[in-house]
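Student: Quick one, structure for this:
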Amino acid sequence: MPQTIIAPVHHELVIKKSRFIACVQPMPDRASAQAVVAELWAQHPGAAHVCWALLAGGQSAAVDDGEPSGTAGRPMLDVLRHQDLEGVLATVVRYFGGVKLGAGGLVRAYTDSVAQALLGAQKVAIIRMQTLRCTAPYAMEGLVRREVELAQAKLHNVAHRDDVLFELSLPADAAPALMSRLTEAGHGRIVWLGDDD
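Tutor: Predicted coordinates:
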């Protein structure tokens, strides 16, 4: 199950006089991530690199920022994927210490920076929600309300028109079971509405 983190976490590594300052933080999208990276450059004008990796709403990125290809952004992204994270940005600001680390050393440094930061992260499961809309005859209003409560769905709106219109939300994986129970209990008199209805 995908998870995200509640608050930013940080870690700093020093390897052969190079400083690696890592931060992993919640992030909604690529534009926000790019703004954070620009701010890091403003805060660290003497840094050699600001490498980053993003997983957010289907948008991903792995940016080496001048490090040899595949030695920074991709290893950072792999750590995020390995921990099944979503909606997060990992950044590592590197100050070069004068000693080259080689490709393997860079991969380890960027991987360890992000992994160590995540050791202090408080993670929460991401529960995908689904919104449902249906109509039911007045005589079935109580039935629908009971089933909604049993499913621990959230009832957002009830409108009394020709029939009773219900708008509710619940975890997406629980929606098919609720729809099936209500359809069966309502003997076809509960009508499920699409977004256009």
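Student: So Leu89, which state does it fall into?
Tutor: Counting by DSSP: H, G, I helix; E, B strand; the rest coil, the backbone at Leu89 sits in strand.
Student: neighbours around it, how many?
Tutor: Neighbours of Leu89 under the rule other CB atoms under 10 Å: 26. The way it works is simple: take the backbone N, C-alpha and C, and place the C-beta from them, glycine included.
Student: Would you mind measuring from the closest residue in space to it that isn't next to it in sequence to Gly73?
Tutor: In space, Leu89 comes closest to Met27 once its chain neighbours are excluded; the distance is 3.7 Å by CB to CB, 6 or more residues apart in numbering. Using CB to CB, to the nearest Å, we find Met27 at a distance of 15 Å from Gly73.
Student: Comparing the two, which residue is more hemmed in?
Tutor: Between Met27 and Gly73, counting by other CB under 10 Å, Met27 is the more crowded of the two (26 against 22).
Student: And the pLDDT at the more buried one?
Tutor: The predicted local confidence for Met27 comes out at a pLDDT of 91.
Student: where along this protein do the helices fall?
Tutor: When assigned using DSSP state H, the helices of the chain occupy the ranges 30-43, 73-82, 102-118, 141-150, 175-185.
Student: contact partners of the first one?
Tutor: Contacts made with helix 30-43 from outside it, assessed by CB atoms under 8 Å, 6 or more residues apart in numbering, are listed as 25, 27, 47, 50, 52, 54, 56, 59, 61, 63, 89, 91, 93.
Student: Let me see the contact set for the last one.
Tutor: Which is Val93. With contact taken as CB under 8 Å, 6+ apart, Val93 is in contact with 19-21, 40, 44, 47, 49-50.
Student: okay, now the domains of the chain?
Tutor: Following automatic domain parsing, one finds the domains of the chain at 3-125, 129-193.
Student: and among the ones you listed, the most buried is which?
Tutor: Neighbour counts averaged per stretch over those are highest for domain 3-125, at a mean of 18; criterion: mean count of other CB atoms under 10 Å.
Student: what's the spacing between the residue at the greatest distance from the centre of the chain and His187?
Tutor: No residue in the chain sits farther from the centre than Ala139, which is 41.5 Å out by CA atoms, centre = their mean. Using CB to CB, we find Ala139 at a distance of 11 Å from His187.
Student: Could you do Gly102 as well?
Tutor: Relative to His187, Gly102 is positioned 71 Å away (criterion: CB to CB).
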